[in-house]
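1. Just to be clear, the model below is a prediction. Sequence and coordinates:
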Amino acid sequence: MSSPFITQATAARDAARALAVLPRGRKDAALHAMADALLAAQTQVLVANREDVAAAEEAGTARAMIDRLTLSEDRIAAMAQGLRDLASLPDPVGDVLRGFTTADGLRITQVRVPFGVVGIIYEARPNVTADAAGICLKSGNAALLRGSSSALKSNRAVVAALREGLQGQGIDPNAVCLVEGGREVTTEMMTARGLVDVLIPRGGAGLINAVVTGSTVPVIETGTGNCHLFVDAEADQQMALDIILNAKTQRPSVCNALETLLVHEAIAEEFVPKVLDVLTGAGVTVHGDESMTSLSGRVVPAAEDEFDAEYLSLDLAARLVKDVDDAVAHIRAHSSGHSETIITKNLATANRFTSQVDAAAVLVNASSRFVDGGEFGFGAEIGISTQKLHARGPMALPEMTSTKYVIVGDGHTRA
């Protein structure tokens with residue numbers, strides 16, 4: 001007898017076959033219907049979310065995770081708008097990446113096609129449920145959504161609304177499925193090769209590593225964000241202060257928030273007091289090595305492993321570096337490969353940094369908070385991929401497709 005998950009995955013596979021050939025107009029209409037249904041269900045979603053948040057608070061969940069879990073009218077409106085924004089974007093399915101005719105007269109084209117069934121395993125954030133469902137639908141994929149138990153009631157309410165929107169457009173609601181159950185269901189999902197075409201984990205390092213190492217289904221790896229910012233000796237210091245404050249405090253609980261500050265030692269005595277004024281004034285605790293603690297009593301000593309940390313809170317690791325090469329060496333040793341920033345007026349130094357730092361995104365004189373699918377104009381995103389295969393950086397519609405070659409002949413046979 002099939003398990004409930006296998007039954008669900010089989011139904012999603014049937015839905016994926018129909019989605020793969022659905023014209024753009026119907027997919028876009030479905031996205032608008034999903035947005036309408038989500039807004040209509042706002043009261044139910046908020047009631048469910050309040051129950052999840054209360055349970056998380058009672059369990060002593062970290063403040064950063066509570067922030068990720070919490071929905072509001074504004075956040076639900078943003079979820080709905082994200083679905084509508086996807087409807088306005090080009091459909092990647094069927095795009096011709098290249099086409100040519102061989103010397104033998106064969107016409108060969110490489111076209112984008114959906115993966116099929118995409119499994120997404122993620123923590124807390126119920127807004128990811130709507131984003132992932134919308135991106136999968138627009139790219140012609142069925143979505144198996146495995147959210148965390150902490151957001152279960154919220155996710156049930158969101159998925160119920162999205163499925164209602166699909167059904168109203170005559171689209172199989174099994175195109176969006178919420179996967180429920182214990183750890184054994186997650187294991188089933190990770191080993192459902194042949195039913196699930198690709199898995200995408202989104203969350204902390206523990207979750208991502210568990211999926212990467214335990215899955216027999218192909219995995220697109222998203223990464224944690226130990227994001228660095230290097231203030232060069234030739235930086236515009238006011239610009240640096242503005243960017244550091246934004247990157248750290250605008251929303252500290254997300255993966256593109258600043259976690260480590262590197263300051264060129266040539267400007268340390270002048271710049272460090274300024275940046276400490278700005279950061280401590282915003283409630284940030286700066287954790288520094290000896291080079292930083294020796295400059296100010298406002299810096300608390302950092303343990304060695306804190307330079308590998310993703311705080312996701314109003315905490316920041318900091319140290320001095322000798323030059324751009326020292327900054328790059330530190331980043332290479334501690335980076336999670338997400339987003340790395342330099343503040344400098346020297347073009348040669350900027351080019352040296354961008355060419356030598358290995359990350360999904362490298363920024364010059366801009367906040368790492370811009371490393372986001374919406375800010376890039378991609379619409380909603382599945383996550384930020386830090387791997388080097390297929391997709392790297394914000395994963396939007398094109399990254400949720402594979403390709404196939406279509407070969408047209410006229411009775412061709414090979415000698």
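-> Cool, got the structure.

2. Just the element for Asn246, please.
-> In this structure, Asn246 sits in helix 237-249 according to DSSP states H and E.

3. remind me which residues of the chain are low pLDDT?
-> 1 (pLDDT under 70).

4. What are the buried residues along the helix or strand following the helix holding Asn246?
-> Using DSSP H and E, the helix or strand that follows helix 237-249 in sequence is strand 258-264. In terms of neighbour count (16 or more other Cβ atoms under 10 Å), strand 258-264 has its buried residues at Leu258, Glu259, Thr260, Leu261, Leu262, Val263, His264. Placement of C-beta: from N, CA and C, glycine included.

5. partners of strand 258-264, with directions?
-> strand 227-231 (parallel), strand 315-321 (parallel) (DSSP bridges).

6. Deepest in the core, which of the ones you listed is it.
-> Stretch with highest mean neighbour count among these: strand 227-231 (a mean of 27; mean count of other Cβ atoms under 10 Å).

7. Can I get it as CSV, trimmed to CA atoms?
-> Extracted as CSV, the C-alpha positions of strand 227-231 are listed here (Å, rounded to 0.1, in the frame of the first residue of the first chain):
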residue,chain,number,x,y,z
CYS,A,227,27.9,38.2,4.6
HIS,A,228,31.0,40.4,4.9
LEU,A,229,31.6,44.1,4.2
PHE,A,230,35.1,45.5,3.8
VAL,A,231,35.7,49.2,4.4
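
8. what's that strand in contact with?
-> Residues from elsewhere that reach strand 227-231 (Cβ atoms under 8 Å, 6 or more residues apart in numbering): 237, 240, 243-244, 247, 255-264, 267, 271, 275, 321, 324, 327, 330-331, 334-336, 338-343, 353, 368.

9. redo that, cut-off 6 Å
-> By Cβ atoms under 6 Å, 6 or more residues apart in numbering, the residues outside strand 227-231 that reach it are 240, 258-263, 327, 331, 338-343, 368.

10. Which member of those residues is positioned nearest Met189?
-> When the contacts of strand 227-231 are ranked by distance to Met189 (Cβ to Cβ), His338 comes first, at 25.3 Å.

11. which one is that closest one nearest to, not counting chain neighbours?
-> Closest residue to His338 apart from its sequence neighbours, by Cβ to Cβ, 6 or more residues apart in numbering: Gly225 at 4.1 Å.

12. and that neighbour, what is it in contact with?
-> Residues in contact with Gly225 (Cβ under 6 Å, 6+ apart) are Cys255, Asn256, Glu310, His338.

13. Please identify which pair of the residues you listed lies farthest apart.
-> Spatially, the most separated pair among the contacts of Gly225 is Asn256 and Glu310, at 10.8 Å (Cβ to Cβ).

14. Fine, thanks again, bye for now.
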